[in-house]
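Chemist: Have a look at this prediction, sequence included:
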Amino acid sequence: MSVENFVAYNPTRLHFGENVVETLGEVVKQYGTNVLLVYGKGSVKKYGYYDKVISQLNQAGLKVYEYEGIKPNPIIEDVRKATALGKEKNIDVIVALGGGSVVDSSKIIGLGIANDVDPWEFMTWSVMPEKNIPLVAVLTLAATGTEMNGAAVVQNHETGQKLGFVHPLNYPKDSFLDPSFTTSVPADYTAYGIVDLIAHALEAFYGAGEPSVIDRITMDIVKDAMEWGPKLMNDLSNVELRANIMLDATLALNGLTSYGKKNGDWGVHGLGHELSLLYDLAHGATLSMAYPAWLRLQKDRIPERIQKMGRLLFGTEDVDDAINQLEAFFEKIGSPVRISKGGKKTDKTEVLDQWNRNEVTGMNHKLVEADREKLAELMY
């Protein structure tokens, strides 16, 4: 089993547990006094999270400006507008209140403000940032792991792209994870978050390198999510169950699962991103559609690796059984496993054309046009 050379780096300070937000104001004050508060389309106000955050910022004597309306699949137009606001108000610290889309957007907003560059230039890797605006995240959805990593994903409908940008300057300075802030997440997005964290672990598992201890840790994160996920789906207001899933999501993509790996694969995320771009499908839903299909495509190419997944997750050596059990779990928690069951009208030819146009592939397991055609068949 190969252990690749690696560098471990994670500068984010994590505040985890109920009522941790009570120290938010003093923490934010360490970084600046002109705050840009970024959030989504209303749920944070409806459930009282906004009030708690604003109270903290006001108590610390901070000047707060707001950008409201970040979409679940974040768009570059919002990032640009918030960047312009941040420049106008001389923002020196950003507070992101929301899920992955809000935190991802805030990362790129901070780079845009600090470097005086069109934010999309970062997403296309055309320009490398030299500095950032400090970011403090207050998470309201357990899913992406963005609260403790250097990645951000934004989409651009004008160019027909949904891209990720990874850079050390993207790490939040501090992230506040109060599991009670996630009890209002509805059943469908709770399920999508569970799928997303599992997919992150699998993307690392199917990357290059097979460090034994990391393989076990990675699959234990998945097993933990599979243990608590169905229980949570039946008891959405249970804070303890929310805490378990919240920690799983952070651990799945805070760097731990990449130790001893040359890379992750991320081909499945590429497939899913194009579906979100085309049809505004929830990110997690696209991953439950794509992962079983991707595994079926790969089962004769990497049977030993899929066998190991099956052995560690389900106690089976049978490749087909392992894939079927993973797919069954996604169905059990209510996440769709076929594009045709995703709740929106889609077109297989359009999907395939989009995948081919952007040459969707993996970092470790490359995909060619014939593979994408097979995947379209498997996913419908």
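Modeler: All right, it came through fine.
Chemist: contacting residues around residue 67?
Modeler: Residue 67 sits next to 36, 37, 38, 39, 78, 81, 82, 85, 109 when contact means C-beta atoms under 8 Å, 6 or more residues apart in numbering. Just so you know, the C-beta spots here come from the backbone N, C-alpha and C atoms, and that holds for glycine as well.
Chemist: Restrict those to the buried ones and give me that as a PyMOL selection.
Modeler: Burial among these is assessed by 16 or more other C-beta atoms under 10 Å; the matching PyMOL selection reads:
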select buried, resi 36+37+38+39+78+82+85+109
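Chemist: Just the closest of the contacts of residue 67 to residue 71, please.
Modeler: Among the contacts of residue 67, residue 78 lies closest to residue 71 (C-beta to C-beta), at 6.9 Å.
Chemist: Roughly how far does that closest one sit from residue 242?
Modeler: 27 Å (C-beta to C-beta, to the nearest Å).
Chemist: And for residue 196?
Modeler: For residue 196, the distance to residue 242 - C-beta to C-beta - is 15 Å.
Chemist: In terms of neighbours, single out the busier of these two.
Modeler: residue 196 (29 against 23; other C-beta atoms under 10 Å).
Chemist: Now the more buried one: which helix or strand?
Modeler: When elements are assigned from DSSP states H and E, residue 196 belongs to helix 187-205.
Chemist: which parts of stretch 353-369 are buried?
Modeler: 354, 355, 358, 360, 361, 362, 363, 364, 365, 367.
Chemist: Just the pLDDT at the fourth one, thanks.
Modeler: Right, the one you point to is residue 360. Looking at residue 360, its pLDDT stands at 98.
Chemist: what does the first one give?
Modeler: The per-residue pLDDT reported for residue 354 equals 97.
Chemist: distance of it from residue 346?
Modeler: 11 Å.
Chemist: before we move on, the earlier item: cross the contacts of residue 67 against strands and list the overlap.
Modeler: Judged by DSSP state E, the subset of those located in strands is 36, 37, 38, 39.
Chemist: Output those residues as a markdown table; include the columns pLDDT.
Modeler: As requested, the ones in strands among the contacts of residue 67 are exported to a markdown table (pLDDT from 0 to 100):
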| residue | pLDDT |
| --- | --- |
| 36 | 98 |
| 37 | 98 |
| 38 | 98 |
| 39 | 98 |
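Chemist: Closest one to residue 259 out of the residues you listed, please.
Modeler: Once C-beta to C-beta is applied, the member of these that ends up nearest residue 259 is residue 38, at 31.1 Å.
Chemist: and residue 91, helix, strand or coil?
Modeler: Following DSSP: H, G, I helix; E, B strand; the rest coil, the label given to residue 91 is coil.
Chemist: Could you pull up phi and psi at it?
Modeler: The phi and psi values for residue 91, taken as degrees, to the nearest 10, are phi -60, psi 130.
Chemist: since we're on it, how many residues are nearby?
Modeler: 25.
Chemist: quick one: contacts for the residue nearest to it when sequence neighbours are not counted?
Modeler: Leaving aside its sequence neighbours, residue 91 sits nearest to residue 36 (C-beta to C-beta, 6 or more residues apart in numbering; 4.3 Å). Each residue near residue 36 by C-beta under 8 Å, 6+ apart is listed here: 65-67, 82, 85-86, 89, 91, 93-95, 109, 133.
Chemist: quick one: which two of the residues you listed are the most distant?
Modeler: Farthest pair in the contacts of residue 36, by C-beta to C-beta: 66 and 133, 15.5 Å.
Chemist: which one of those two has more residues nearby?
Modeler: A direct count of neighbours by other C-beta under 10 Å for residue 66 and residue 133 places residue 133 higher, at 24 against 16.
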